[in-house]
Structure formats: structure tokens, C-alpha cells
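Undergrad: Need the 3D shape of this:
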Amino acid sequence: MKPLLITILAAMCGTTCACSGSSRAAQPTHAAAVTAHPPASTPAPAPTPSSGTPAAASCVTRHLTASVGSPQGFTGGLQVAIVFKNLGKAACTLYGYPGVAQAAGTPATAIGRPSTENPATPRTLVTLPPNGSASAMLRIADSLKYPAGTCKPVKATWLAVIPPNQKTALNVSFGSTACKGNVKLLSVTTVQQGSGG
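TA: Predicted coordinates for the structure are as follows:
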């Protein structure tokens with residue numbers, strides 16, 4: 001009787017051990033499935049602001065005109081808005097600082113130092129629809145603040161204005177006194193939407 005009981009117990013133990021063993025074998029499969037799907041550790045892609053809408057191309061000089069507003073005095077000189085207008089048939093963008101120099105003669109030849117960047121306004125991407133306008137504020141320091149030997153004053157009849165990110169200038173009729181040499185009279189803000197003040 002005892003040998004029969006031992007045989008039954010041994011058989012039960014073998015079945016239990018086999019079940020227990022198959023249960024342990026299933027656990028690594030489950031663990032592998034968890035590590036194969038780690039959505040919590042995958043960062044979301046950065047949003048793209050221009051998705052779905054095509055970006056307008058940069059405004060090129062040949063599709064723009066430039067003009068100046070009414071000069072206004074400030075302590076140490078005058079300021080004037082430089083206004084860009086889009087003559088093209090499609091919208092275009094301006095971003096950053098224009099380049100400005102005082103000039104004279106025909107063709108216009110730059111005099112003295114070109115404009116420096118005035119950080120009074122932040123860089124903003126400005127979209128100009130056809131016939132739309134944008135402007136930057138130009139400050140011209142009074143040349144009389146400098147000794148004649150330092151400034152070497154000369155009459156300027158133009159402003160040579162280069163739109164942001166372009167190389168060709170637009171000549172705007174504007175009389176002022178320029179300084180030959182290294183005196184920096186001009187500073188300009190970034191282009192902003194609208195025609196300025």
C-alpha cells in the first residue's frame with residue numbers, strides 16, 4: 001500500500017512541478033511583451049507650426065518698393081519710418097533688419113558707415129500680402145555732435161535701403177548730412193507689420 005501511495009504522490013508532484021514550470025516559462029514571454037511596447041518612454045514629436053500651410057517665400061528686392069514717412073526729431077537726431085510695400089502677385093515674408101546707408105550721386109554711392117542694429121523691437125516674421133506694407137524705424141544721429149575732423153560732413157541725397165536677407169538696394173530720395181569715415185550715424189530696428197508711425 002505504501003509503495004502505491006508513494007507512486008501516486010510522486011506522480012502528483014511531477015504534475016505540479018510541470019505546471020509550476022510552465023507557469024514560470026510563461027512569465028518571460030509576458031515580460032518580453034511589456035518591453036516591446038514602451039509608449040510611456042517615447043517622447044512625442046515636436047509640433048511643427050507650419051504643418052498644413054505652405055510658408056511664403058522671402059520678399060525679393062525686385063518685388064518691393066521702399067519709401068520714407070515724415071521725419072520726427074528726437075534728442076540727438078531724427079527718426080523716420082522706412083516702409084516696404086509688396087508689389088508682387090503673391091504673399092512674401094520679411095524677417096530681421098534691413099541695411100541702410102546714406103548715399104549721393106547718380107548712380108547712388110554710399111557715404112560713411114552703414115546702419116547698426118537697434119534691438120528696440122524683436123525679430124518677427126512678417127508676411128506681406130500683395131500691396132501689403134511693413135516698416136522699420138531708422139534713426140540718424142545729428143552729425144553736428146561730432147567734430148568736423150572726425151565726421152567730415154557731406155550732403156547725402158539718398159537712402160540706400162537693402163531689404164532683410166537681400167543684397168540689392170532700393171534708393172529712396174532723402175536729404176541728410178552724412179559723415180565720411182568711421183562715424184556711425186545710422187541705427188535701424190527690425191521690420192514690423194504695418195507702415196509705421
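Undergrad: Mean pLDDT per helix and strand in this protein: which one sits at the bottom?
TA: Considering only helices and strands, the least confidently modelled element of the chain by mean pLDDT, DSSP states H and E is helix 2-35, at a mean of 41.
Undergrad: Tell me the strands beside the helix or strand A136 falls within, with direction?
TA: Using DSSP states H and E, A136 sits within strand 133-141. Strands that pair with strand 133-141, judged by DSSP bridges, come out as strand 77-86 (antiparallel), strand 186-188 (antiparallel), strand 192-193 (antiparallel).
Undergrad: For the closest residue to N86 other than its chain neighbours, give its distance to T121.
TA: Using CB to CB, 6 or more residues apart in numbering and skipping residues adjacent in sequence, the residue nearest N86 is L128, 3.9 Å away. Glycine gets a C-beta too; all of them are placed from N, C-alpha and C. Counting by CB to CB, to the nearest Å, the separation of L128 from T121 is 17 Å.
Undergrad: Can you name the residues bridging to G73?
TA: Under the criterion DSSP bridges, G73 forms beta bridges with L78.
Undergrad: residue contacts, N165?
TA: N165 makes contacts with 58, 95-96, as judged by CB atoms under 8 Å, 6 or more residues apart in numbering.
Undergrad: One more pass at 6 Å, please.
TA: Applying CB atoms under 6 Å, 6 or more residues apart in numbering to N165 gives the contacts S58.
Undergrad: Compute the distance between it and A104, please.
TA: 26 Å.
Undergrad: pLDDT below threshold where in this protein?
TA: 1-54, 197 (pLDDT under 70).
Undergrad: let's see it at 90
TA: In the predicted model, the chain carries pLDDT under 90 at residues 1-56, 74-75, 148-149, 181-182, 195-197.
Undergrad: ok, the closest residue to R113 other than its chain neighbours - how many residues close by?
TA: Using CB to CB, 6+ apart and skipping the chain neighbours, the partner closest in space to R113 is K184 (4.7 Å). A count of neighbours around K184, defined by other CB atoms under 10 Å, yields 12.
Undergrad: what do you get for the one 5 residues further on?
TA: Other residues near T189 number 23, with proximity taken as other CB under 10 Å.
Undergrad: and what of T65?
TA: Considering only other CB under 10 Å, T65 is surrounded by 13 other residues.
Undergrad: for F174, same thing?
TA: 19.
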